[in-house]
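1. Task: produce atomic coordinates for the following.
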Amino acid sequence: MVANALRFAAEPTQNNLERSDNIVNGIVAKLVPRVLEGFGVVHLMTLLLTCYCEGQRGRVGSRWLLAAMTVRMMQLMSLQTVDEHAAAVSDLSPLLTHEALRRVAWSVFFLDSTLDGGRLGSGLVDVSLFHIQLPCTEESFMGNDNPRTGSIFESPSEDEGATLGISAHLMRAVLLRRRAFDILLRLRHRNFDALRTESDLVALELSLTEVTTSLPPRYRFSEDTAYLYRQRMPAFLLFHLLLLKVSIVINTTRLALLQKSGATASADIAPLRLERIKHAISISRIVAEGLKHPAPWDMQASAHAYIALEILLFEPRRLTELHDTEQVLSKDVSTSIAPLLVALREGSARSEIVRLLVRRLILHLLTPAYRGRPQVTALRPAVPSEWSRP
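-> Down below sits the predicted model:
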């Protein structure tokens with residue numbers, strides 16, 4: 001926890017980053033051999049925190065291997081089915097309540113589902129074997145109330161709003177994202193089946209609609225709700241960014257379907273590209289709201305900002321080749337770029353991964369297709385003072 005605080009919450013000075021690295025180096029050197037001899041829940045929690053630090057400081061291979069260890073540790077302790085043997089854990093430490101154990105399992109699920117950015121399909125967790133309830137509200141967790149909540153496989157409903165916390169909604173968004181990437185990967189790397197892919201997309205869109213429409217008003221994104229959740233800003237922002245990411249992946253899959261089927265009609269392609277631009281603009285709006293608050297900045301939010309920035313740089317050009325340039329929403333695109341760049345700057349000071357994304361962005365802008373183009377001038381906008389984070 002100290003290592004994460006030094007890297008992601010304290011000032012990103014060289015001294016703080018080196019102190020964080022030294023702590024993580026010591027943990028990896030001492031804890032991994034200890035885990036091979038025997039482990040408990042506290043060791044698993046420590047490795048989860050270590051994984052995040054390892055990845056963001058550029059040690060991707062170490063993060064992947066440690067993440068695989070967390071999955072096997074969770075499975076050996078049967079945390080994914082802890083609700084089925086509740087009596088066996090009733091005498092544990094007061095710090096390791098049923099809800100705490102569930103949240104550790106869900107943390108492993110989150111790490112496993114987001115480890116590869118959705119591009120390699122390398123997840124080890126079989127979510128169908130997660131026979132535990134969703135996390136309760138954070139207030140109930142802190143008060144050790146242990147209320148009954150629903151399963152991640154049950155359809156969302158408005159009646160459950162009083163028992164589910166932001167962490168539960170975040171897990172639902174992660175599962176939707178996982179399903180979306182599974183469909184896209186299957187389309188790209190296996191036998192092409194247009195009917196099955198379209199059927200899966202329709203089912204996914206229905207699930208996405210159920211999640212969004214059943215949200216209690218306090219969890220829907222607005223300037224007011226963002227202020228309400230300012231103490232849990234990273235989770236609140238990431239939840240809404242993941243929902244938009246699911247929509248973008250669905251859109252990407254439909255474009256891939258059209259490409260595989262040989263469709264070239266602008267009437268089919270242009271609406272999809274325009275929708276991608278609108279989703280990217282929405283991501284920018286969420287990122288801009290998050291930058292107003294002094295909460296620690298989530299590195300995954302910077303990754304989402306990069307995805308949105310790529311869309312805003314490339315999709316308008318592709319769209320103008322298909323359709324009237326007035327539909328590119330050029331004003332909205334220009335004003336949406338600034339907060340995304342600030343988010344990348346925030347992340348690059350603390351994360352080697354985000355720093356690589358910034359370098360990739362620069363390489364994109366140095367390609368012949370972008371040298372001297374008007375879009376590049378939009379990358380030097382005035383940054384509002386409210387985004388000048390401490």
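
2. show me the contacts for the closest residue to residue 117 other than its chain neighbours.
-> Excluding its sequence neighbours, the residue lying closest to residue 117 (Cβ to Cβ, 6 or more residues apart in numbering) is residue 303, at 7.4 Å. Backbone N, C-alpha and C define where each C-beta goes, glycine included. Residue 303 makes contact with 117, 347, 353, 354, 357, according to Cβ atoms under 8 Å, 6 or more residues apart in numbering.

3. Now the strand or helix carrying residue 303: average pLDDT?
-> Assigned by DSSP states H and E, residue 303 belongs to helix 299-320. For helix 299-320, mean pLDDT rounds to 88.

4. Stretch 352-361 now?
-> 90.

5. Report the buried residues of that stretch.
-> 353, 354, 355, 357, 358, 361 (16 or more other Cβ atoms under 10 Å).

6. Now the third one: closest residue in space that isn't a chain neighbour?
-> I take that to be residue 355. Nearest one to residue 355, counting by Cβ to Cβ, 6+ apart, is residue 348 at 4.4 Å.

7. cool, and the second one?
-> Residue nearest to residue 354 in three dimensions, not counting chain neighbours: residue 347, with 3.4 Å by Cβ to Cβ, 6+ apart.

8. Give me the distance between the one you found and residue 97.
-> Taking Cβ to Cβ, to the nearest Å as the measure, residue 347 falls 34 Å from residue 97.

9. higher neighbour count, the two?
-> The neighbour comparison of residue 347 against residue 97 (other Cβ atoms under 10 Å) goes to residue 347, with 26 against 17.

10. helix or strand for that one, which one?
-> helix 330-348.

11. Give the buried residues for the helix holding residue 303.
-> Quick answer for helix 299-320 (16+ other Cβ under 10 Å): 299-316, 319-320.

12. now do stretch 58-78
-> By 16+ other Cβ under 10 Å, the buried positions in stretch 58-78 come out as 59, 62-64, 66-67, 69-71, 73-75, 77.

13. Just name the closest of the residues you listed to residue 268, please.
-> Nearest to residue 268 out of the buried residues of stretch 58-78 is residue 64 (Cβ to Cβ; 38.6 Å).

14. Not counting sequence-adjacent ones, nearest residue to the closest one?
-> Spatially, and ignoring its direct neighbours in sequence, residue 64 is nearest to residue 115 (6.7 Å; Cβ to Cβ, 6+ apart).

15. Just the pLDDT at the one you found, thanks.
-> pLDDT at residue 115 comes out at 88.

16. My read is that it contacts residue 121, right?
-> No - using Cβ atoms under 8 Å, residue 115 makes no contact with residue 121, being 10.9 Å away.

17. Do me a favour and average the pLDDT over the longest helix seen in the chain.
-> Identified as the longest helix of the chain according to DSSP state H is helix 233-261. The average of the pLDDT scores along helix 233-261 is 92.

18. Who are the packing partners of that helix?
-> Contacts defined by 3 or more Cβ pairs under 8 Å, 6 or more residues apart in numbering; DSSP states H and E place helix 233-261 against helix 166-189, helix 194-213, helix 223-228, helix 266-291, helix 299-320.

19. Convert stretch 300-317 to CSV, retaining C-alpha atoms only.
-> Taking C-alpha atoms only, stretch 300-317 is exported to CSV below (Å, rounded to 0.1, in the frame of the first residue of the first chain):
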residue,chain,number,x,y,z
GLN,A,300,-6.5,3.0,-16.5
ALA,A,301,-8.3,6.2,-17.0
SER,A,302,-5.2,7.5,-18.9
ALA,A,303,-5.3,4.4,-21.1
HIS,A,304,-9.0,5.1,-21.9
ALA,A,305,-8.0,8.7,-22.7
TYR,A,306,-5.5,7.4,-25.2
ILE,A,307,-8.1,5.3,-26.9
ALA,A,308,-10.4,8.2,-27.2
LEU,A,309,-7.6,10.4,-28.5
GLU,A,310,-6.7,7.9,-31.2
ILE,A,311,-10.4,7.9,-32.3
LEU,A,312,-10.6,11.7,-32.4
LEU,A,313,-7.4,11.9,-34.4
PHE,A,314,-8.2,9.2,-37.0
GLU,A,315,-11.9,8.7,-37.3
PRO,A,316,-12.8,12.2,-38.5
ARG,A,317,-10.4,11.8,-41.4
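
20. Domains of the protein: list them as residue ranges, please.
-> 1-123, 133-263, 285-390 (automatic domain parsing).

21. Where among those is average confidence lowest?
-> domain 285-390 has the lowest average pLDDT among these, namely a mean of 77.

22. still on that earlier bit, count the neighbours of the residue nearest to residue 64 for me.
-> Around residue 115 there are 20 residues (other Cβ under 10 Å).

23. Distance-wise, check it relative to residue 180.
-> For residue 115, the distance to residue 180 equals 16 Å [Cβ to Cβ].

24. cool, and residue 198?
-> In this view, residue 198 and residue 180 are 14 Å apart by Cβ to Cβ.

25. So between these two, which is more surrounded?
-> More crowded of residue 198 and residue 180, by other Cβ under 10 Å: residue 180, with 27 against 14.

26. do you know how far the nearest residue to the more buried one once chain neighbours are set aside is from residue 359?
-> Closest residue to residue 180 apart from its sequence neighbours, by Cβ to Cβ, 6+ apart: residue 249 at 3.9 Å. To residue 359, residue 249 is 24 Å away according to Cβ to Cβ.

27. circling back to that earlier point, show me what contacts the residue nearest to residue 354?
-> 297, 299, 301, 302, 303, 305, 354, 355, 357.

28. Show me which pair in those residues is furthest apart.
-> Across those, the two lying at the largest distance from each other (Cβ to Cβ) are 301 and 355, at 15.2 Å.
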